[in-house]
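Chemist: Just a sequence and a predicted model for now, questions to come.
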Amino acid sequence: MRRVRAERFFASNAIAVLVSAVAGGALADSTELGAPDSTGLTPPAIEAVQPASPAPTDASTASSPNSSASTERGAPDSTGLTPPATEAVQSASPAPIDSSTASSPNSSASTEQSPALTPAVAPAAAPQPTVGGEPTPTTAAAAPSPDAPIAEQLHGLADGKFDQIIGNKKERGPIDAFYSAHNYAPLWITDGKPNARAESAIAYLGRVDADGLDPADYPVPDFASLSDPAALAKAEIRLTTSVVTYAHRAQVGRVHWSRVSSEIYFEQKAPEPGDVLAAMLAADDVGKALDGYEPHHPAYVALKAKLADIRAGKAAAGRAQITNGPVLKIGDQDDRVRQLRGRLNAPGDSGTTYDKTLADAVKAFQEQHDLKPTGQLTAATVDALNGRQAGRPIDIILANLDRWRWMPHELGKTYVMVNLPDYTLKVMHDGKQVWKAKIVAGKPATPTPIMSAEMKYITVNPTWNVPPSIAANEYLPLLAQDPTILARMGLNVTRNPDGTLHISQPPGDNNALGRLRFNFPNKFLVYQHDSNEKYLFADAMRARSHGCMRVQDPAKYAEVLLSLARPREGYTEDRIRRMFGNYEMDITFPAFIPVHLTYQTAFVDDDGKLQLRDDVYGRDRAQLAVLKGDERKVADIPLERKENTMRREALALPDSPFLWGGGGRGYYYGGGGDNFFTRLFGFGSQPVPPRSVPQRRAQDRNAGQNQN
């Protein structure tokens with residue numbers, strides 16, 4: 001029995017010595033690797049408390065009298081630092097610790113969280129050294145963030161309750177992903193109060209009427225009246241939603257182009273909600289960051305300035321102007337309230353609170369002036385109170401400012417700008433106009449589309465290839481009456497590889513496209529070209545084509561473009577004219593030139609004067625109807641339209657009297673199925689075989705080049 005007790009005694013002492021050696025060695029390592037803190041004490045390095053696996057200990061080392069294990073456990077050493085207790089580092093099978101969770105300031109985890117957002121919940125602290133048995137001041141446990149309750153509420157809102165605040169389904173997921181990536185820390189709130197980021201965003205959204213938008217569309221919360229974490233969390237998401245919605249509309253338009261006409265197409269993409277919020281988080285100036293989503297083209301800036309001038313115009317009947325500002329609703333404070341109360345003879349005190357009595361007076365005024373009776377003081381209400389007309393020119397300017405948002409916000413160093421209602425074309429380079437010409441645009445029944453594309457080459461002596469729909473509807477009925485009529489009209493008839501007939505007009509002075517065609521392939525199959533009807537350029541109203549644009553001086557236009565696209569090759573107007581003949585040839589552009597087809601019914605001319613043009617295609621009317629009608633709430637959501645390809649091909653029909661004998665249009669043939677014309681021309685009579693490479697290249701080159 002005594003022998004057993006002795007064995008246990010020696011065994012326990014050996015274990016104690018062994019453990020003390022390990023602890024002492026770890027402490028020695030920590031003093032070698034760690035850097036002293038502000039107290040002069042050395043915190044434990046990551047390796048001191050995070051061994052990958054315990055190293056085997058030599059028995060001789062454990063029993064050495066000079067070993068660090070000889071230090072009495074729990075007693076301070078010469079530095080006053082208390083070593084970790086044996087139990088803190090002794091385990092049967094220690095689990096490895098992920099280095100990403102370490103509290104070392106050099107750990108990569110310390111850089112994952114953006115410094116602009118405070119983590120909602122502080123991470124658990126690693127074991128800390130003590131002085132005299134007490135924690136050192138630099139290693140005290142971090143206090144939880146005061147915004148942690150708000151973060152907890154945001155996390156709860158993300159669990160299906162975001163739907164109650166975020167109306168756009170497509171935005172919910174990205175917004176939740178942003179907050180989730182930041183541990184649901186609030187973006188707009190710090191220490192339970194709106195931060196500078198929030199104040200800047202709220203101020204900016206309150207003055208977006210300067211860009212022709214309505215501040216009422218971007219409501220902001222009143223943080224000052226909130227203290228409950230749940231209410232603050234909802235206010236946080238409401239401000240986030242308004243910021244994301246504004247960025248979307250500022251970049252691509254308050255009214256999506258698809259809701260105005262099928263003759264419009266732009267590829268401008270709305271910013272992703274997560275990217276918008278990340279930009280707000282990183283921005284030094286949130287107002288400047290939000291303004292970056294608006295266009296900044298000089299023409300847009302000039303038109304925006306004219307809007308401000310009109311709104312700040314002389315007051316009707318000598319009355320003082322009511323200045324523009326944020327939309328006012330019941331409970332808001334604003335210095336304009338006193339003036340507004342006097343203008344409407346509304347009872348009340350002399351304070352600056354927008355109360356219910358004043359709101360009722362505003363609502364009555366709105367009803368009398370055909371404004372939306374909201375009882376809120378909107379920009380349109382201010383305009384009416386100041387005696388300005390609601391329809392012209394303010395509404396026209398608003399429509400034009402929004403159309404600028406549809407376009408690429410960077411137009412290019414060199415580009416072509418067409419203004420359809422003005423019937424003009426400009427070539428711009430380095431911000432300066434280098435050439436301007438008159439154009440003939442599409443008729444109201446066959447309008448020229450609004451879009452942006454890239455000019456890739458010029459065709460000299462173009463061939464006009466008649467689209468199948470025009471051949472079937474326009475030329476085949478004539479051919480049925482007179483088999484020689486197409487030849488007498490100067491048209492060639494050939495057979496395609498699939499057995500169908502192809503009708504074309506060869507190059508020449510009487511070609512419907514003239515001698516030059518400017519090609520920027522697009523889905524509408526339109527382009528710019530010469531004309532054999534020069535007299536049309538003398539008319540003030542030049543909406544006379546089937547959709548393509550005829551240029552008044554195409555040879556000069558070609559010279560200007562080629563001087564920019566191929567500046568070292570000496571293309572002049574005379575050289576281009578010497579190329580006229582019977583053979584089609586292409587001059588390609590090494591770098592494509594953007595072509596922007598715009599619809600500017602309001603613009604500022606070179607003399608700084610506001611110019612207004614007729615709404616020849618009804619685009620203003622349609623756009624304002626969407627903005628003011630039942631579609632307003634969904635106006636920025638794209639509308640899917642079925643494209644009318646037959647109508648699109650009908651744009652190719654030339655207006656040349658040479659083809660029609662005095663301008664006659666012939667008659668339409670609308671038949672289909674198996675009949676004389678389908679059997680003759682092969683339309684719909686047999687499947688089309690796959691195109692060979694040469695056929696595909698030839699047809700692709702002509703794609704978009706068949707219109708007039």
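Modeler: That came through, no problem.
Chemist: pLDDT below threshold where in the stretch 551-700 of the chain?
Modeler: 641-700 (pLDDT under 70).
Chemist: Where do the helices of it begin and end?
Modeler: If DSSP state H, counting those that start in this stretch is used as the criterion, the helices of the stretch 551-700 of the chain fall at 554-565, 573-577, 619-628, 645-650, 657-660, 676-681, 693-702.
Chemist: what does the stretch 151-300 of the chain give?
Modeler: Along the stretch 151-300 of the chain, the segments classed as helices by DSSP H, counting those that start in this stretch run 169-181, 196-205, 229-252, 273-282, 286-291, 298-311.
Chemist: Figure out which of the ones you listed is closest to M585.
Modeler: Of all the helices of the stretch 151-300 of the chain, helix 298-311 sits nearest to M585, with 35.7 Å by Cβ to Cβ. (Glycine included, C-beta is placed from N, CA and C.)
Chemist: which one of the helices of the stretch 151-300 of the chain is the most hemmed in?
Modeler: helix 229-252 (a mean of 22; mean count of other Cβ atoms under 10 Å).
Chemist: Only the buried residues of stretch 208-221, if you could.
Modeler: For stretch 208-221, the neighbour count (16 or more other Cβ atoms under 10 Å) marks 208-218, 220-221 as buried.
Chemist: OK, contacts around R259?
Modeler: Going by Cβ atoms under 8 Å, 6 or more residues apart in numbering, R259 touches 626, 631, 635, 638-639.
Chemist: thinking again about what came up before, pLDDT and distance to L411 for the buried residues of stretch 208-221 - can I get that in a markdown table?
Modeler: Output for those, formatted as a markdown table (pLDDT from 0 to 100; distance: Cβ to Cβ, whole Å):
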| residue | pLDDT | distance to L411 |
| --- | --- | --- |
| V208 | 97 | 23 |
| D209 | 95 | 25 |
| A210 | 95 | 22 |
| D211 | 97 | 18 |
| G212 | 95 | 19 |
| L213 | 96 | 22 |
| D214 | 95 | 27 |
| P215 | 95 | 28 |
| A216 | 93 | 31 |
| D217 | 94 | 27 |
| Y218 | 96 | 27 |
| V220 | 95 | 33 |
| P221 | 94 | 37 |
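Chemist: And stretch 525-534, what's buried?
Modeler: Result for stretch 525-534 [16+ other Cβ under 10 Å]: buried residues 525-533.
Chemist: Quick one: mean pLDDT for that stretch?
Modeler: Averaging pLDDT along stretch 525-534 gives 92.
Chemist: measure it end to end?
Modeler: By Cα to Cα, to the nearest Å, the extent of stretch 525-534 from end to end equals 23 Å.
Chemist: got it, and stretch 473-484?
Modeler: 18 Å.
Chemist: Check which residues of it are buried.
Modeler: Buried residues in stretch 473-484, defined by neighbour count with 16+ other Cβ under 10 Å: 473-479.
Chemist: do stretch 261-269 as well
Modeler: Buried residues in stretch 261-269, counted by 16+ other Cβ under 10 Å: 261-266.
Chemist: Can you list which of those residues are found in strands?
Modeler: Judged by DSSP state E, the buried residues of stretch 261-269 include 264-265 as members of strands.
Chemist: Greatest separation within the buried residues of stretch 261-269: which pair is it?
Modeler: Spatial extent of the buried residues of stretch 261-269 (Cβ to Cβ) is set by the pair S262 and F266 at 13.0 Å.
Chemist: N522: what's it in contact with?
Modeler: Residues near N522 by Cβ under 8 Å, 6+ apart: 265, 449, 451, 453, 704.
Chemist: Take these and keep only those in strands.
Modeler: Judged by DSSP E, strands contain the following of those: 265, 451, 453.
Chemist: Of these, just say which sits nearest to N419.
Modeler: Proximity of these to N419 (Cβ to Cβ) peaks at M451, which lies at 13.7 Å.
Chemist: What sits closest to that closest one if chain neighbours are left out?
Modeler: Excluding its sequence neighbours, the residue lying closest to M451 (Cβ to Cβ, 6 or more residues apart in numbering) is Y265, at 4.9 Å.
Chemist: min pLDDT across the contacts of N522, which one?
Modeler: Lowest pLDDT among those: G704, with 40.
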